[in-house]
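Participant: Fold the stuff below for me.
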Amino acid sequence: MTAIKHALQRDIFTPNDERLLSIVNVCKAGKKKRNCFLCATVTTERPVQVNVVKVKKSDKGDFYKRQTSWALRDLAVVDAKDAVKENPEFDLHFDKVYKWVASSTVEKNTFISCIWKLNQRYLRKKIDFTNVSSQLLEELPKVAEESVPSGENQSVAGGDEEAVDEYQELNAREEQDIEIMMEGCEYAISNAEAFAEKLSRELQVLDGANIQSIMASEKQVNILMKLLDEALKEVDQIEMKLSSYEEMLQSVKEQMDQISESNHLIHLSNTNNVKLLSEIEFLVNHMDLAKGHIKALQEGDLTSSRGIEACTNAADALLQCMNVALRPGHDMLHAVKQQQQRFSDLREQFARRLASHLNSVFVQQFTQTLLQLYNKPYYLSVPGHDQSSTLAQHSVELTLPNHHPFHRDLLRYAKLMEWLKNTDYGKYEGLTKNYMDYLSRLYEREIKDFFEVAKIKMTGTTKEGKKFGLHGSSGKLTGSTSSLNKLSVQSSGNRRSQSSSLLDMGNMSASDLDVADRTKFDKIFEQVLSELEPLCLAEQDFISKFFKLQQHQGISGSTTNEAEEMDGGNLSRSYPSGVPQTISSEKDMIRQMMTKIFRCIEPELNNLIALGDKIDSFNSLYMLVKMSHHVWTAQNVDPASFLSTTLGNVLVTVKRNFDKCISNQMKQMDEVKISKKSKVGILPFVAEFEEFAALAESIFKNAERRGDLDKAYIKLIRAVFVSVEKVANESQKTPRDVVMMENFHHIFATLSRLKISCLEAEKKEAKQKYTDHLQSYVIYSLGQPLEKLNHFFEGVEARVAQGIREEEVSYQLAFNKQELRKVIKEYPGKEVKKGLDNLYKKVDKHLCEEENLLQVVWHSMQDEFIRQYKHFEGLIARCYPGSGITMEFTIQDILDYCSSIAQSH
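Facilitator: Below is the predicted model:
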């Protein structure tokens, strides 16, 4: 192996300025053994580059060639396969994994050791050595010395280690000395062995001289030993002195320890005194209530603003004292317990006094407001006197009382209410209940009176109001549908009878009411909603501020078990084992309080809506628009508020009335009856649909619920279409085409004028039906003046359709030229004019004056007559060529006849 190494160094690496450090004979794993050598080399030039070179023996000679080279920095992993057992296999991970089998385990270990040393010395990147024991890497050179023969070991292992450790070049002086030594020997170059032997002999002579020199210096050694003995004696004396000093210092140390312990006890005592003073100052500063605060809590004036402010400050100070976070052990102090008990007594006393005072304020405000209501003129009525007549006699404003002064006075106690809520929830809840009880009775009286005025203003006089079932000031609607059905409409002499009205639902028809009446109702209803909305919002705002419910978080209750049933929802609390429980959000609490206080708003609104619907079913349109707008406004502010919920519920009722109005209209269309003795003309429900659509468009302009109206339009127009066809089919006096033509023309004109976007398809359908039935009526009517001529040419067309050539039709016995002349002679110009005149009169009888379609129909008949004339002339020219047969009147005659007939009538 040494000879191979030298040969490789000489032939391959020296020309490339490289030195070979380690070599291993390998072959690829799993293949036919084709031996090659892996060599670890370094460059002689700096910076040093370390490579792993694969060398292969040439097949055509005894020389070696360099096959592949890898830089050591590209080597990622060296896998020795087994760190315990001897295994000649190993892997090198470059750009891919190369699997090798060494000729011996010793060579493999030597090569891996060399790689490891090169990695440690030259590379910043550390190669991963797997399955190689650390002991092997550290002791590999010794193992190699034991395992490899001496000559080879010296040349491979020893040389490698020396080369790996450091390569040192000769300096200039060393080179000069070697040159001088070699110049002194003539055979230094020619006979290197002799030169080496000479140098060896000279080295032995020098070693002998060194030994002689050492032996000659024995006397000096003895002198040195004597001096060392004396030095040891001096050291012993110094140690004895140090021991005495140490004993002296030990006694001083004990005294210092005693002084240190005494100082520690003094410091500990001072620290404890400081801490005790801190605790006492904490308790005094945080649990001491000023005498002024105590006096304010016990005797403070709760009627004046200054007294309320003093009580508020005192209550806050008391709450701070009671809520102070005591440190561990404070609650065991007797003084602390006494102070806490004193604070509890003060809290109970002040909470009781505050609750009693606020209850008195509630009662006083309630009583004063009721007295003001009773002192108003319309309450000064003798027993048995009809209050509604008194109301009607006075110009009562449709407004609700303003509670702002009441709220302003109570808001002074808002902070005290918050204190009461945090300290004694039982009394706080009792005040809440009392407030709701008083306010619900007060608002119920005010709102009912307000709605009573609104109903009287809607119905006009008291006498007329009684017909709608208004009795007394309760605001309730009495009476029945049968009584409503008997309501007369004597105030308007030119109104149509109820039996012919589409919207007659047992009430006055929509057309029986003046526009002013509807506008009046719309304004009253809007005023009612406009008064209720700020009233509810103001009360809700006051409740949230006064009862401190504006924060959306849970409300904790007192330590007692309590449940309360409220209108519109349950307000219940359960507090097991004295721990407050959160049961609902404060937002829900506000809504429940509002429901309790304003429990009469929804039924009163429903009663008002029912009255408006009885007065005029068209009022449901006004109410739907107004109510939708107010609901939309309330939901934008707070979708879950009481106002939004209540108005939403009422809106459902209004929407039902609107749907009921539409359904009744459709029902009455199905039940409509026409006279058998008079012509039909424009059907009542068609005219009523025009009225309904015009009114609805004016009401729903820019409304939020336009979709509801569009759906109603679709239902109504479909029902109108069906009913028109039904009436046309049942008509005996007026032809079906005339009924369809006139009514669909009226519908088309209405939809074109109103421009209702959702009915564009129905408008096109109405126009198409009108056009189709106009054409059908014209064709049907024109068949009668030239009836025989029509039958004759129909027979001619039938023969042609059977396959007879047109020029051969004249040879048919029934259709020869003589027959044609006979038929034509029956219709001279005078006779044609007479027939057209009769046709005009008949059309005039069929058509109604309202729609004014006579001239349109007559013009269409003229065009159709001319078209038939041209058709007959064409048939004569094709079927009777060269016969010279023509009609006895011309197109100009037809135009003159039609014009003169139209002018004469």
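
Participant: in what helix or strand does residue 278 lie?
Facilitator: When secondary structure is defined by DSSP states H and E, residue 278 falls within helix 218-286.

Participant: so what secondary structure elements neighbour the following helix or strand past that helix?
Facilitator: Sequence order places helix 291-299 as the next helix or strand after helix 218-286, per DSSP H and E. Counting contacts by 3 or more Cβ pairs under 8 Å, 6 or more residues apart in numbering; DSSP states H and E, helix 291-299 packs against helix 305-322, helix 334-374. All C-beta atoms are positioned from the backbone trio N, CA, C, and that covers glycine.

Participant: Report the angle between the last one and helix 291-299.
Facilitator: Taking axes from the mean of the first three to the mean of the last three Cα atoms, to 10 degrees, one finds helix 334-374 and helix 291-299 inclined to each other by 50 degrees.

Participant: Please renumber the chain so that the first residue is 846 from this point on.
Facilitator: Okay, using 846 as the starting number, the last item reads as helix 1179-1219.

Participant: Helix 1179-1219: how far from the chain's middle?
Facilitator: Taking the mean C-alpha point of helix 1179-1219 and that of its whole chain, the gap between them comes to 47 Å (Cα atoms, centre = their mean, to the nearest Å).

Participant: angle of it against helix 1063-1131?
Facilitator: Going by the same axes, to 10 degrees, helix 1179-1219 makes 40 degrees with helix 1063-1131.

Participant: Now do helix 1179-1219 against helix 1150-1167, angle only.
Facilitator: Going by the same axes, to 10 degrees, helix 1179-1219 makes 150 degrees with helix 1150-1167.

Participant: Counting by contacts, list what helix 1179-1219 packs against.
Facilitator: Other elements packing on helix 1179-1219 under the criterion 3+ Cβ pairs under 8 Å, 6+ apart are helix 1136-1144, helix 1150-1167, helix 1249-1255, helix 1259-1268, helix 1270-1304.

Participant: do the same with the first one
Facilitator: When contacts are defined as 3+ Cβ pairs under 8 Å, 6+ apart, helix 1150-1167 packs onto helix 1136-1144, helix 1179-1219, helix 1259-1268.

Participant: Now do the buried residues in it.
Facilitator: 1153, 1155-1160, 1162-1164, 1166-1167 (16 or more other Cβ atoms under 10 Å).

Participant: Which one of the helices and strands packed on helix 1179-1219 lies nearest to residue 1064?
Facilitator: Of all the helices and strands packed on helix 1179-1219, it is helix 1150-1167 that lies closest to residue 1064, at 100.8 Å by Cβ to Cβ.

Participant: Nearest approach to residue 1466 belongs to which of the helices and strands packed on helix 1136-1144?
Facilitator: Ranking the helices and strands packed on helix 1136-1144 by distance to residue 1466, with Cβ to Cβ as the measure, places helix 1179-1219 first at 34.8 Å.

Participant: circling back: same list, the buried residues of helix 1150-1167, but as TSV with distance to residue 1125 please.
Facilitator: Supplementary listing: the buried residues of helix 1150-1167 in TSV, determined by distance: Cβ to Cβ, whole Å:
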residue	distance to residue 1125
1153	35
1155	29
1156	30
1157	30
1158	26
1159	25
1160	27
1162	20
1163	21
1164	23
1166	16
1167	20
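
Participant: ok, of these, which one's closest to residue 1448?
Facilitator: Out of these, the member with the shortest distance to residue 1448 (by Cβ to Cβ) is residue 1153, at 38.7 Å.

Participant: what's around the nearest residue to the closest one once chain neighbours are set aside, how many residues?
Facilitator: The shortest distance from residue 1153 to any non-neighbouring residue, by Cβ to Cβ, 6 or more residues apart in numbering, is to residue 1257 (5.3 Å). Close neighbours of residue 1257, defined as other Cβ atoms under 10 Å, add up to 17.

Participant: Over to residue 917?
Facilitator: Residues within reach of residue 917, counting by other Cβ under 10 Å, total 20.

Participant: With adjacent residues omitted, what lies nearest to residue 1564?
Facilitator: In space, and not counting its chain neighbours, residue 1564 is closest to residue 1511: 4.3 Å by Cβ to Cβ, 6+ apart.

Participant: And the pLDDT for that neighbour?
Facilitator: Each residue has a pLDDT score; the one for residue 1511 is 85.
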